[in-house]
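Q: One predicted model, sequence on top.
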Amino acid sequence: MRHFLSTQSWSREELQAMIERARAYRSSPMGDALRGKSIALLFFNPSLRTRTSFDLGAYQLGGHAIVLDAKGSTWPVEMTDGVVMDGGPEEHVKEAARVLSSYVDLIAIRCFPKFENWQSEREDPLIEAYAKYATVPVINMETIVHPCQELAMMMAMQDKMGDVAGKNFLLTWVPHPKPLNTAVANSAILMASKMGMNVKVLIPDEAYQLDARYTEGARGFCEAAGASFGYTTDVKAAYEGAQMVYAKSWGALPFYGQWENEGDVRAKGAGFMIDDAKMAMTDNAYVSHCLPMRRNVKIADSVVDSDRFIGLNEAENRLHVQKAMMEALITHPENQKSA
Ligand code: CP
């Protein structure tokens, strides 16, 4: 069974094909790839873009979306094998995944980590359990990576920059009042590196380095493409020569679950908001963010409201790329039910 859990298990060519198909859907939105089919959208966390674009995308492809607010309108699910279920969860994922599979043709899940224990949460237990027990393809709508956002980001960048291979991508940590998920940061470096960009990650302190799975994954993609990869804490060195600036805030992994101790390293990034002075150091870079985004905390109004900001293009692209991805899963030879 081919799932869409992370772009790490999809080739550059397969991902580029989804982006090209997304461009076709942008020109001609309606299709029949999901005619007579349905998708369950399980949300354990809030959403504006993901929920709207998946529901609308299913409709535009002739299918039907069922939105389950997993925290309010469906049963809490147990994931651990062999556990005595005398706690909160009312049903096991073994039943939930197989029951949903008997109704729908795709299952999409948004489940952020709990921000308690990275060593267990980095295994992405809920979506991995669904992928193990479901008999239909499972889609990641953001867990510890955000592969749909990656596709949308790359489509927006290519629309503006053409072939991005060999171009300079800066992922910059930006301030936020609280520690956030690393998912979009992980995804940004995976996609930029997979497409052959030179990737720099600007962080306030070494503590903000991303998990080795994504750091080493991105480094490997860059090396394979003859591109460079590295972290820096030097703002000037980071921005100079950048052709794309991607903004994201995240919590420092060494302080995971003990966030009260993160304050000193977080304070080093107090001046990391993207503003005109920083953009002036770049090679006339474009700038983006996955949204939602706090203006004048992460990015200054003057940058967001400039013609270099492509975050709205990226957000629109979520609709197009997800339709292409759903079509790719539904039609994939490995996902055809045997007679
Ligand atoms: N970027 C993104 O996933 O937006 P939502 O959280 O609103 O879905």
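A: Now that the structure is in, tell me what you want to look at. Numbers count the residues shown, from 1 in each chain.
Q: hang on, Ala108 is in a strand, isn't it?
A: Yes: counting by DSSP: H, G, I helix; E, B strand; the rest coil, Ala108 falls inside a strand.
Q: partner residues bridging the residue nearest to it when sequence neighbours are not counted?
A: The spatial neighbour of Ala108 that comes closest, neighbours along the chain excluded (Cβ to Cβ, 6 or more residues apart in numbering), is Ile139 at 3.9 Å. Using the backbone N, CA and C atoms, a C-beta is placed for each residue, glycine as well. Beta-bridge pairing for Ile139 (DSSP bridges): Phe4, Ala108.
Q: Quick one, grab the pLDDT at Ile139.
A: Note for Ile139: predicted pLDDT of 98.
Q: so what does the helix of greatest length in the chain touch, helix or strand wise?
A: Ranked by residue count, the top helix of the chain under DSSP state H comes out as helix 311-331. Where contact means 3 or more Cβ pairs under 8 Å, 6 or more residues apart in numbering; DSSP states H and E, helix 311-331 is packed against helix 12-27, helix 49-60, strand 106-110, strand 138-140, helix 147-161, strand 286-288.
Q: Quick one: the helices in this protein, in order.
A: 12-27, 49-60, 93-103, 118-121, 125-133, 147-161, 183-194, 212-225, 235-239, 263-267, 276-280, 301-304, 311-331.
Q: average model confidence for the third one?
A: Computed over helix 93-103, the mean pLDDT rounds to 97.
Q: Next to the ligand in this structure, residues from the chain, please.
A: With the criterion set to Cβ under 6 Å from any ligand atom, the chain comes near the ligand through 47-50, 142, 149, 290-292.
Q: Please list all residues in contact with the residue nearest the centre of the chain.
A: Centroid check for the chain by Cα atoms, centre = their mean gives His146 as the closest residue, at 1.6 Å. Listed by Cβ atoms under 8 Å, 6 or more residues apart in numbering, the contact set of His146 reads 140, 183-184, 186-187, 290.
Q: For Gly226, give its distance to Tyr214.
A: 20 Å (Cβ to Cβ, to the nearest Å).
Q: Between the two, tell me which one has more neighbours.
A: Tyr214 (24 against 10; other Cβ atoms under 10 Å).
Q: So Leu5 sits against Glu142, correct?
A: No: checked against Cβ atoms under 8 Å, the pair Leu5 and Glu142 is beyond contact range at 11.2 Å.
Q: Determine the number of other residues adjacent to the residue in the stretch 201-339 of the chain that the ligand sits nearest to.
A: Of the residues in the stretch 201-339 of the chain, the one nearest the ligand is Cys290, at a distance of 4.1 Å by Cβ to the nearest ligand atom. Counted with other Cβ under 10 Å, the neighbours of Cys290 add up to 25.
Q: could we number from 345 for the rest of this?
A: From this message on, residue numbering opens at 345, which makes the last subject Cys634.
Q: in this structure, what spans have low per-residue confidence?
A: 682-683 (pLDDT under 70).
Q: Where does the record place the domain boundaries for it?
A: 351-489+662-679, 491-658 (automatic domain parsing).
Q: Save these as CSV, and put in distance to Met345 too.
A: Output for these, formatted as CSV (distance: least, Cβ to Cβ, whole Å):
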stretch, distance to Met345
domain 351-489+662-679, 6
domain 491-658, 16
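Q: if we can go back for a sec, out of the helices and strands packed on helix 655-675, flag the one nearest Ile674.
A: Of all the helices and strands packed on helix 655-675, strand 450-454 sits nearest to Ile674, with 7.1 Å by Cβ to Cβ.
Q: about what we covered before: return the set of buried residues in the longest helix of the chain.
A: Neighbour-count burial for helix 655-675, counted by 16 or more other Cβ atoms under 10 Å, picks out 655, 657-659, 661-674.
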